[in-house]
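> Need a 3D model of the sequence below.
(2 chains)
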Amino acid sequence: MESTPLLSVNNLSVEFSTPDGIVHAVNDVSFSIEAGKTLGIVGESGSGKSVTASSILKLNSGVTASTSGSILFKGDNILGADDKKIRQLRGSEIAMIFQDPLSALNPYYTVGHQIIEAYKVHHRGVKKPEARKVALEMLRRVGIPNPEARIDEFPHQFSGGMRQRIVIATALINSPKLLIADEPTTALDVTVQAQILDLMKDIQKENGMAIILITHDLGVVAETCDDVAVMYGGRIVEKTSVNELFTTPTHPYSFGLLGAVRSLDKSARGSLRTIAGAPPSLLHLPSGCSFMPRCVFANDGHSKCSSIVPELELVPSTHSLSACHLRKDALLKLTTKDLL
Amino acid sequence: MSAAVDTPFFYFPVARLLRIALTRFIVRRIFFALVLLAAVSLFTYLLFALLPTDPAALTCGKNCKPELIAANRVRLGYDKPIYEQYWQFVRGIFAGRTYGSGDIAFKCPAPSLGYSFNQHECVSTLIGKTFPVTAYLSLGSFVLWMLLGVGTGIIAALHRGKWQDRLTSLVTSIGVSLPTFYVGLLVLFSVVIWLQWLPFPHYASPTDNLHDFLTAMILPWITLAVLSAASYTRLTRNGVLEAMNEDFVRFGVAKGLKNRTVMRKYVLRAALIPIVTIAGLDFAALLGGAIVTESVFSLPGMGRLAIRSVTDSDLPVLVGTTLVAAVFIVMANAIVDIIYGVLDPRVRLK
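The predicted structure is shown next:
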């Protein structure tokens, strides 16, 4: 079923100029997402996933960041839009929530004030009692018990999980078409994580919004996403469906990631398989494949790996796109089991 | 059920509880301030009573007869044990105090802080005369320096790394390293003596002669303001930059709020709260007497009164001015804490 995507990011590159040089945070990244779907963006810290997400709302600091490519939302290029247009999109069509719910709410105002504020920015002329009713309804929807009493409390009077619910209520108060969630559960307890993810999925089922979920947690990806983009060194190295990522990963980095997950059916004894080495410095990216220095397959003399940046290409017999010179001859012979 | 609790009536207890919490916080804070003041008064009094100087011997000149010294000792109460002296002193603050008896009796009405045998006046009268000068000086420079410091701090933060930022950082690093007496003299010399834009300052109370008052005050105001503003520029700049990195500020932007709203409700609110604390204490310290500035610009304020009492070994005035300065600091501490509680709900409810 082909339909025009809600959001498509095309050849996005973001660079920051710092005193040490130019940081290539995002390099030639493209992906798209349709309404009602969930796209996971997975990667280590510094892989460019958060910068990619911030670009969609133009939240990167304007002084030092330079962005190229295009981001089309409902066909309009966000990157070319002026401040006013962007402000109208922020919070109303595209909402964003952040990693740490403890610091995402303004400590100096009541939670009610902040939700009502988010509503009234995009509903000028709505009177306060009316906005308050909407806010109460939303708080009830995200599972805040006794919202009538708690709406006038300050953020520090809530637990971490409750605060993330309030953040979600604030983000979703204007029924956005797209929610960008930047590690929404990382700071929370595991049981609370599951509750928050369930809540997001429930609301998605009701209103059909699209979700871009940024995470380093493959468990979260498996539970919530339809499609996944794996990022490494500011590039997407594999783009596939969730099922295929977990059954037939097609990029050496994806293999490594899956190997580093502790699962219940594996023996709890023994150390986890890790990927040797560290992510590349975004100041000095390697000339070829940025994963080459850590790649266990590339070490036996593939000169292409060290000289040419691999493009995302369709892997035969799967639906995955993978950016690796090796996969055709070497990787498909392997299965996940061989590595675990 | 939910319809019933939706009525405004239900909100009142919450708001009232918050108010009660705030009131309890204020009452507690004021109580501690009073206890602290009592301790400060005792400590100050003891410190000066333990000085090796004999206050009675200082009441008259070198050729004083021992009988007169002894008489003065009794008259001023220095013959009593120290705890009784302190008791008399505290009583005097609330009830006033009479020195001597009969024709030569001299009464200092409440609040009496003692009698200056050097200037032949009640300490409270002396402080009452000099305090307004210090208050005008402090208030004027405080308003100026807050406007200047916070204003330039915000500008520097918003233009981080650009020429506005570099310029303020250069100027403030000069500002924080210059001493008041040097800048004061420099300003006085260049504006009054060299350029002759202003007459030599001659202080008059604003109700008597507004023109003299302003010409005498403008230079000390500016000197004090410019020097103090420098550190406030830095505090504000760093506070604003730090606040702009807060997640809740990014969330505010992501909500679609206008830059101005985010700046006002999110960034400045967070950045300025710590500055309120420091500003309150700095202001109180000024009220206790801007000794150097008052001396340089020959303003008859409390700072100069204190300096004079030191050089003259005028112990009662020294105790009085120290105590008044301490009162300002303690009160400012309490007020700052209360304001902090109003501004930051996290402090209030702990």
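
> Could you check the pLDDT of the most centrally placed residue in chain A?
In chain A, the C-alpha closest to the average C-alpha coordinate belongs to A:Ile214, at a distance of 2.0 Å (C-alpha atoms, centre = their mean). We have a pLDDT of 93 for A:Ile214.

> isn't it right up against A:Ser47?
No - when contacts are counted by C-beta atoms under 8 Å, A:Ile214 is not listed as touching A:Ser47 (10.0 Å). In this view, the C-beta of every residue, glycine as well, is placed from N, C-alpha and C.

> Quick check: the residue of chain B nearest chain A.
Residue nearest to chain A within chain B: B:Gly256 (3.6 Å; C-beta to the nearest C-beta).

> Please list all residues in contact with that residue.
A:87-92, A:118, A:121-122 (C-beta atoms under 8 Å, 6 or more residues apart in numbering or on different chains).

> can you do 6 Å?
A:87, A:90-91, A:121 (C-beta atoms under 6 Å, 6 or more residues apart in numbering or on different chains).

> By neighbours, which of these wins?
Counting neighbours by other C-beta atoms under 10 Å in any protein chain shown, the top entry in these is A:Gly91, with 28 neighbours.

> Work out for me the element whichever residue of the stretch 201-340 of chain A sits closest to chain B sits within.
Residue nearest to chain B within the stretch 201-340 of chain A: A:Ile212 (13.3 Å; C-beta to the nearest C-beta). Using DSSP states H and E, A:Ile212 maps to strand A:210-215.

> Now do the strands in the chain.
All of this is about chain A. For chain A, applying DSSP state E gives strands covering A:7-18, A:21-33, A:38-42, A:65-73, A:76-77, A:94-97, A:178-182, A:210-215, A:227-232, A:235-241, A:313-314, A:321-322.

> you looked at the wrong chain, it should be chain B
B:97-99, B:106-108, B:115-116, B:121-122.

> can you redo those as a markdown table with distance to chain A?
Converted to a markdown table, the strands of chain B look like this (distance: least, C-beta to the nearest C-beta, whole Å):
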| stretch | distance to chain A |
| --- | --- |
| strand B:97-99 | 49 |
| strand B:106-108 | 48 |
| strand B:115-116 | 49 |
| strand B:121-122 | 47 |
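
> Among these, show me which one is buried the most.
Compared across those, strand B:115-116 shows the largest average neighbour count, a mean of 26 (mean count of other C-beta atoms under 10 Å in any protein chain shown).

> what about residue 102, neighbour count?
Answering for chain A, as no chain was given. 18.

> ah, I was thinking of chain B
B:Gly102: 5 neighbours (other C-beta under 10 Å).

> any idea of the pLDDT on it?
So B:Gly102 comes in at 71 (pLDDT).

> cool, and B:Leu68?
For B:Leu68, the pLDDT comes out at 83.

> Now do the same contact list for it.
Contacts of B:Leu68 (C-beta under 6 Å, 6+ apart): B:Cys60.

> how much space is there between it and B:Val74?
According to C-beta to C-beta, to the nearest Å, B:Leu68 and B:Val74 sit 11 Å apart.

> next one: A:Leu321
103 Å.

> for A:Val190, same thing?
Note on A:Val190: its distance to B:Val74, by C-beta to C-beta, is 81 Å.

> more neighbours, those two?
B:Val74 (14 against 8).

> Show me how the chain divides into domains.
If you meant another chain, say so; for now it's chain A. A:7-225, A:247-263+A:272-339 (automatic domain parsing).

> Wait, chain B was what I had in mind.
Split by automatic domain parsing, chain B gives B:56-112, B:123-348.

> Quick one: list the elements packing against the longest helix along chain B.
Ranked by residue count under DSSP state H, the longest helix found in chain B is helix B:12-49. If contacts are counted by 3 or more C-beta pairs under 6 Å, 6 or more residues apart in numbering or on different chains; DSSP states H and E, helix B:12-49 sits against helix B:82-95, helix B:315-343.

> 8 Å - rerun?
If you count contacts as 3 or more C-beta pairs under 8 Å, 6 or more residues apart in numbering or on different chains; DSSP states H and E, helix B:12-49 packs onto helix B:82-95, helix B:315-343, helix B:345-348.

> got the angle for that helix vs helix B:82-95?
On the basis of axes from the mean of the first three to the mean of the last three C-alpha atoms, to 10 degrees, helix B:12-49 is oriented at 130 degrees to helix B:82-95.

> got the angle between helix B:12-49 and helix B:315-343?
Angle, helix B:12-49 to helix B:315-343, by the same axes, to 10 degrees: 160 degrees.

> How far off centre is helix B:12-49?
Taking C-alpha atoms, centre = their mean, to the nearest Å, the mean C-alpha location of helix B:12-49 is offset from the chain mean by 18 Å.

> ditto for stretch B:141-148
Centroid separation for stretch B:141-148 versus its chain: 14 Å, with C-alpha atoms, centre = their mean.

> Now for the nearest residue to A:Arg163 once chain neighbours are set aside, how many residues are close by?
In this structure, A:Arg163 finds its nearest non-sequential neighbour in A:Pro101, 4.0 Å apart by C-beta to C-beta, 6 or more residues apart in numbering or on different chains. Neighbourhood size, A:Pro101 [other C-beta under 10 Å]: 28.

> A:Asp100 is in contact with B:Glu246, isn't it?
No - the criterion here is C-beta under 8 Å, and A:Asp100 misses it with B:Glu246 at 10.2 Å.

> so where is the chain shaky, pLDDT-wise?
This is for chain A. Where chain A drops to pLDDT under 70, the residues are A:1-3, A:61-63, A:261-272, A:299-302, A:327-340.

> let's do chain B instead
Chain B contains residues with pLDDT under 70 at B:1-20, B:348-350.

> Report the central residue of it.
Centroid-nearest residue in chain B: B:Ala284, 1.5 Å away (criterion: C-alpha atoms, centre = their mean).

> Next one: B:Tyr83 from B:Phe200, what distance?
49 Å.

> how about the domains of chain A in JSON lines, adding distance to B:Asn238?
Putting the domains of chain A into JSON lines (distance: least, C-beta to C-beta, whole Å) gives the following:
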{"stretch": "domain A:7-225", "distance to B:Asn238": "17"}
{"stretch": "domain A:247-263+A:272-339", "distance to B:Asn238": "26"}
